[in-house]
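Peer 1: what follows is a predicted protein model with its sequence.
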Amino acid sequence: MPGENEIINKIRQGDIRSFETLFRSYYVSLVRYAGTLIKDKDDAEEIVQDLFTKIWDGRENLKIKSSVPGYLFRSVHNRCLHHIEHLKVVEKHFSEIKANSDISYDDADNELKYNELQDIIAEVLEHLPEKCGKIFCMNRFEGLKYLEIAEKMGISVKTVESCMGKVLKELKKTFTEKQK
Amino acid sequence: MKHFNNYTEKEWAEYAARLSGEVEENKKFSEKDEKRDIILEKYWKTIGSVFNSEEIDVDRAWGKIRSVIVENNNASVKKVNRLYLKIAAAVILLIGLGTVILYLTGNLGHEYVVVSTGERDMGKEIALPGGNRVWLNRNSELTYEGKSAASLKSIKLKGEGYFDIVHDPSHPFIIYAGKATIKVIGTTFNVISSNQQKEVEVFVESGNVLLSSGSGKDILLEPGYIGKADNKSVIKILNNNRNYLAWKTGLLVYEDTPLNQVINDLNRAYGINITVEDASILDNHITSTFDKDPEETIINIICITFNLKYVKDGDNYRLSRK
């Protein structure tokens, strides 16, 4: 598969097939990610679709400073927060998410606000190589096993393992910083 | 196992693999392990676990995005075309080719009904007595007698129609199309009875249909099968085109499908005639879903995808490389 920088370049030139590749690579992950924040599947899909429409409309000036997944997750994150504010039901939403999620908030040492938790993923992905972000999405959001990811991307399982380790390490680092 | 502040790259990789369920049960954490970050682990395991039961349909989503993009790209062209379509529709109405329903009362007091569709009437739904329904494709005609399910008879079809027939064992539903007879008891199926070919084609979606040739040979069609009957014989084949009913549903689904097939479907569903300048264009493969998109939107999408252009002349479209 071509590098994502190359894909972004082609999108900038108006290549719809590269745009489709980008869309198909991240759509499920981004919708699931948005779902952790806003819970409604239709809204989550709409937010992600809207982001991609805006990316296409503004393709000529598209600049991604961090990694592609970092940029996408950050954008979806911001859009979700905006959506929640817009609905003015932040508290209601978070309490529902808390009630329905498996994450425990009881550990006194580990107490974090849920929205901060979501923020972490965007941050982590911004700091990691693109390939690792992509691998992380495929494993955590699309539910693919290491072997499947390796086959899809044409890399070794070892590389997948090492990338996943890097993400977890970065995640832990960011967690610790947030807790301070 | 040491505290993860001192983990090496390799140990982080092992930790991640363990949390991601990539190692066997016996290699998982034991009580002796040092302090673990429970919230980190739970976060790792639950992130992305929303909507697991519901499928997120990427093809459908891409179809939506793409039609927005194409719409925006061709905004000015579109306006002209819409206006053109309006004029075309008005002309068709003036010529009198729209759907015509005639209620004729015969001398025996039977009601005799003729429904015919015009060139632009695709998927027109018609209610028949007894809760039965039929969707007529363009340029088709259905005639029948009777006001109730019990008195319904002499159902004749010219052209193409999709039937949804209520289950009623005491009143089998019989359709005469060309030389063939189609006998059904509660089912949904599609009939093509064109005027040029003497062959009648029946595709069964649900239930069973008994198809008889002009000479009285018959064959039982189960769901998914296509039966073809002419004056003499009747045969049965398995339908392998998932878009067979696109003219009625408006839905065309493609997975790595050669453009050749797509063009055949579009020609059939929209009653248009797409040709290519260079036969190699037909070898391109497409993966896409079109849901009630206008024909020109779909052709636009194909052109953008494969870097083609098209010339439109009435219902004729000619595709060529840019």
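Peer 2: Yep, that arrived. Numbering: from 1, shown residues only, chains lettered A, B, ... in the order given.

Peer 1: what about stretch A:70-77, near chain B?
Peer 2: No. Stretch A:70-77 stays clear of chain B (CB under 8 Å from any CB of the partner chain), getting no nearer than 11.1 Å. Every residue, glycine included, has its C-beta placed from N, CA and C.

Peer 1: give me the contacts around that stretch.
Peer 2: A:26, A:30, A:33-34, A:37, A:47-48, A:51, A:64-66, A:118-119, A:121-122, A:125-128, A:133 (CB atoms under 8 Å, 6 or more residues apart in numbering or on different chains).

Peer 1: do the same with stretch B:193-209
Peer 2: Contacts of stretch B:193-209 (CB under 8 Å, 6+ apart): B:157-160, B:165, B:167, B:177-180, B:182-192, B:211, B:220-231, B:239, B:244-245.

Peer 1: and the gap between the residue in chain B that chain A sits nearest to and residue B:239?
Peer 2: Among the residues of chain B, residue B:13 lies nearest to chain A; the distance is 3.2 Å by CB to the nearest CB. Applying CB to CB, to the nearest Å, the value for residue B:13 to residue B:239 is 50 Å.

Peer 1: helices and strands of chain B: which one has the lowest mean pLDDT?
Peer 2: helix B:75-95 (a mean of 34; mean pLDDT, DSSP states H and E).

Peer 1: so between residue B:13 and residue B:239, which is more surrounded?
Peer 2: residue B:13 (22 against 15; other CB atoms under 10 Å in any protein chain shown).

Peer 1: can I assume that one is in contact with residue A:157?
Peer 2: No. Assessed by CB atoms under 8 Å, residue B:13 is found out of contact with residue A:157, at 10.7 Å.

Peer 1: ok, which stretches of the chain are helices?
Peer 2: I went with chain A, as the question did not name one. Here chain A has its helices, by DSSP state H, at A:4-12, A:16-38, A:41-57, A:68-87, A:90-100, A:114-127, A:130-136, A:146-153, A:157-179.

Peer 1: correction: the question concerned chain B.
Peer 2: Going by DSSP H, chain B shows helices at B:9-19, B:38-46, B:58-73, B:75-95, B:246-249, B:259-270, B:295-306.

Peer 1: pipe the ones you listed into CSV and attach distance to residue A:22 per row.
Peer 2: Below are the helices of chain B laid out as CSV (distance: least, CB to CB, whole Å):
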stretch, distance to residue A:22
helix B:9-19, 26
helix B:38-46, 26
helix B:58-73, 11
helix B:75-95, 24
helix B:246-249, 29
helix B:259-270, 23
helix B:295-306, 15
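
Peer 1: pretty sure residue B:213 contacts residue B:232?
Peer 2: Yes. Using CB under 8 Å, residue B:213 is in contact with residue B:232, at 6.0 Å.

Peer 1: so the two - more neighbours on which side?
Peer 2: Set residue B:213 next to residue B:232 and count neighbours by other CB under 10 Å: residue B:213 wins out with 23 against 11.

Peer 1: follow-up on the earlier one: any idea which of the helices of chain B scores lowest on pLDDT?
Peer 2: Taking each of those in turn, the lowest mean pLDDT turns up on helix B:75-95, with a mean of 34.

Peer 1: how many other residues sit next to residue B:320?
Peer 2: With other CB under 10 Å as criterion, residue B:320 counts 14.

Peer 1: tell me the pLDDT of it.
Peer 2: 93.

Peer 1: tell me what it is bridged to.
Peer 2: Taking DSSP bridges as the rule, residue B:320 bridges to residue B:309.

Peer 1: surely it is in contact with residue B:279?
Peer 2: No. Taking contacts as CB under 8 Å, residue B:320 lies outside contact range of residue B:279: 11.6 Å.

Peer 1: residue nearest the middle of chain A, spatially speaking?
Peer 2: In chain A, the centroid-proximal residue (CA atoms, centre = their mean) is residue A:73; its distance is 3.6 Å.

Peer 1: leaving out sequence neighbours, find the closest residue to that residue.
Peer 2: With CB to CB, 6 or more residues apart in numbering or on different chains as the criterion, residue A:73 has its nearest non-adjacent residue at 4.3 Å, and that residue is residue A:122.

Peer 1: mind listing what that neighbour touches?
Peer 2: A:70, A:73-74, A:76-77.

Peer 1: and these, which is closest to residue A:169?
Peer 2: Nearest to residue A:169 among the contacts of residue A:122 is residue A:70, at 16.2 Å by CB to CB.

Peer 1: could you check how far that closest one is from chain B?
Peer 2: In this view, residue A:70 and chain B are 15 Å apart by CB to the nearest CB, to the nearest Å.

Peer 1: same thing with residue A:8?
Peer 2: 17 Å.

Peer 1: surely that residue and residue A:64 touch.
Peer 2: Yes. Counting by CB under 8 Å, residue A:8 does reach residue A:64; the two are 5.9 Å apart.

Peer 1: comparing these two, which residue is more hemmed in?
Peer 2: When residue A:8 and residue A:64 are compared for neighbours, residue A:8 comes out ahead with 19 against 15, by other CB under 10 Å.

Peer 1: what sits against the more buried one?
Peer 2: Counted by CB under 8 Å, 6+ apart, residue A:8 has contacts A:22, A:62, A:64, A:68.

Peer 1: only the buried subset of the residues you listed, as a PyMOL command please.
Peer 2: In PyMOL, a selection of the buried entries from the contacts of residue A:8 looks like this (16 or more other CB atoms under 10 Å in any protein chain shown):
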select buried, chain A and resi 22+68
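
Peer 1: quick one: which of the contacts of residue A:8 is nearest to chain B?
Peer 2: For the contacts of residue A:8, the nearest to chain B is residue A:22 (10.8 Å; CB to the nearest CB).

Peer 1: just give the nearest non-adjacent residue to the closest one, would you?
Peer 2: Distances taken as CB to CB, 6+ apart put residue A:7 closest to residue A:22, at 5.6 Å, once the chain neighbours are dropped.

Peer 1: what about the nearest residue to residue B:266 once chain neighbours are set aside, neighbour count?
Peer 2: Leaving out its chain neighbours, the residue that sits closest to residue B:266 by CB to CB, 6+ apart is residue B:274, at 6.0 Å. By other CB under 10 Å, 21 other residues sit near residue B:274.

Peer 1: bridged to residue B:274, which residues?
Peer 2: Assigned bridge partners for residue B:274, using DSSP bridges, are residue B:317.

Peer 1: now do the contacts for it.
Peer 2: Per CB under 8 Å, 6+ apart, neighbours of residue B:274: B:263, B:266-267, B:299, B:316-319.

Peer 1: mind pulling up the pLDDT for residue A:124?
Peer 2: 86.

Peer 1: pull the number of nearby residues for it.
Peer 2: Using other CB under 10 Å, residue A:124 has 25 neighbouring residues.

Peer 1: give the contact list for the residue nearest to it when sequence neighbours are not counted.
Peer 2: Nearest residue to residue A:124, sequence neighbours excluded (CB to CB, 6+ apart): residue A:170, at 4.8 Å. Residues in contact with residue A:170, defined by CB under 8 Å, 6+ apart, are A:124, A:127-128.
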